[in-house]
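Enquirer: Build me a model:
(one chain, ligands or ions: 2)
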Amino acid sequence: MKRVGLYFGTFNPIHIGHMIIANHMAEFSDLDEVWFVVTPQSPFKTKKTLLDNHHRYQMVFEATQDYPKLKPSKIEFDLPQPNYTVHTLAHLDEKYGEDHHFCLIMGEDNLKGFHKWKNHDVILENYDLYVYPRISAGALEHRFKQHPKIHRVEAPIMEISSTFIRKQHAEGKNIRLMLPESVWKYMDEMNFYRK
Ligand SMILES: Nc1ncnc2c1ncn2[C@@H]1O[C@H](COP(=O)(O)OP(=O)(O)OP(=O)(O)O)[C@@H](O)[C@H]1O
Ligand SMILES: O=C(O)c1ccc[n+]([C@@H]2O[C@H](COP(=O)([O-])O)[C@@H](O)[C@H]2O)c1
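Expert: Numbering: from 1, shown residues only. Ligands and ions are numbered 1, 2, ... in the order given. Alright, predicted model coming up:
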């Protein structure tokens, strides 16, 4: 049974913050692999400034190519939108469940809003959550503080975001070091996120 951590996101674009967390989980937890699940439409986000699915996927593909434990996934591309994680998990189990055991990877910031996710209680009943620290406002619900299915992983804190990268790139700032080199090249060649 392969233990796979699912890292859901819009990845618009994927950046070194995502990569360092995923690599940390793959190397320093009991997960064998991390799959970056590229979400066409997150339930809490607007589509504004969102690149096409295949471009976001291509950047994740480029970023993970040299790292056998990190994999891109387009499983949500053919599922109804907005993409509710509970549905994707059921779909993944149906497709790969025989020899894959799935868990979720999530930042402390997302855990604070987890009570608003569709069927979050069902998710918690059936899946382990691997939570890494993240600086964020707001409080964590008491029941999530010492939950047997929620595991803390002391990954490094990297406070950069795709929003920051898109904005600064449009302003002409050099943000190259915040992205894997191959992602930077793809983004630059394709003229993404320019004004
Ligand atoms: N620097 C970071 N360190 C750790 N986790 C991050 C970092 N940036 C984003 N994440 C988390 O990774 C997941 C996927 O990221 P996603 O692409 O959806 O967000 P983002 O980088 O914050 O993008 P945006 O700025 O466009 O909202 C989300 O759960 C998000 O909270
Ligand atoms: O299932 C839900 O209700 C749900 C609500 C919010 C977010 N998610 C998932 O969490 C991922 C990160 O969310 P976000 O909005 O922080 O980018 C996103 O890609 C979705 O797959 C899922």
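Enquirer: so where do the strands sit in the chain?
Expert: 2-9, 33-38, 70-73, 100-107, 129-132, 150-152 (DSSP state E).
Enquirer: what does the chain put close to ligand 1?
Expert: Counting by Cβ under 6 Å from any ligand atom, the residues of the chain lying close to ligand 1 are 9-12, 17-18, 21, 107, 109-110, 134, 158-163. To be clear about C-beta, it is placed using only N, CA and C from the backbone, and glycine gets the same treatment.
Enquirer: Can you say which of the strands of the chain is packed in most?
Expert: Most buried of those, by mean neighbour count (mean count of other Cβ atoms under 10 Å): strand 33-38, with a mean of 25.
Enquirer: partners of that strand, with directions?
Expert: On the basis of DSSP bridges, the sheet neighbours of strand 33-38 come out as strand 2-9 (parallel), strand 70-73 (parallel).
Enquirer: Could I get the CA-only coordinates of the helix or strand of the chain with the lowest mean pLDDT as CSV?
Expert: One helix or strand of the chain scores below all others by mean pLDDT, DSSP states H and E: helix 142-145, with a mean of 93. What follows is helix 142-145, C-alpha atoms only, in CSV (Å, rounded to 0.1, in the frame of the first residue of the first chain):
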residue,chain,number,x,y,z
HIS,A,142,-11.2,23.6,19.6
ARG,A,143,-12.1,20.1,18.2
PHE,A,144,-9.3,20.4,15.6
LYS,A,145,-6.6,21.1,18.2
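Enquirer: oh, and call the first residue 17 from now on, that's how I've got it
Expert: Taking 17 as the first residue, the last one we looked at is helix 158-161.
Enquirer: Give me the distance between that helix and the centre of its chain.
Expert: With Cα atoms, centre = their mean, to the nearest Å as the basis, helix 158-161 stands 22 Å off its chain's centre.
Enquirer: How about stretch 177-191?
Expert: Centroid separation between stretch 177-191 and its chain, computed with Cα atoms, centre = their mean, is 19 Å.
Enquirer: right, is that stretch up against ligand 2?
Expert: No - contact between stretch 177-191 and ligand 2 is absent, the nearest approach being 8.9 Å (criterion: Cβ under 6 Å from any ligand atom).
Enquirer: Same check on stretch 144-160?
Expert: No - for stretch 144-160, no contact with ligand 2 is found by Cβ under 6 Å from any ligand atom; the gap never falls below 10.5 Å.
Enquirer: and if you look at stretch 74-90?
Expert: No - residues of stretch 74-90 contacting ligand 2 under Cβ under 6 Å from any ligand atom: none, with a closest distance of 11.2 Å.
Enquirer: Counting neighbours, what do you get for Lys161?
Expert: Counted with other Cβ atoms under 10 Å, the neighbours of Lys161 add up to 10.
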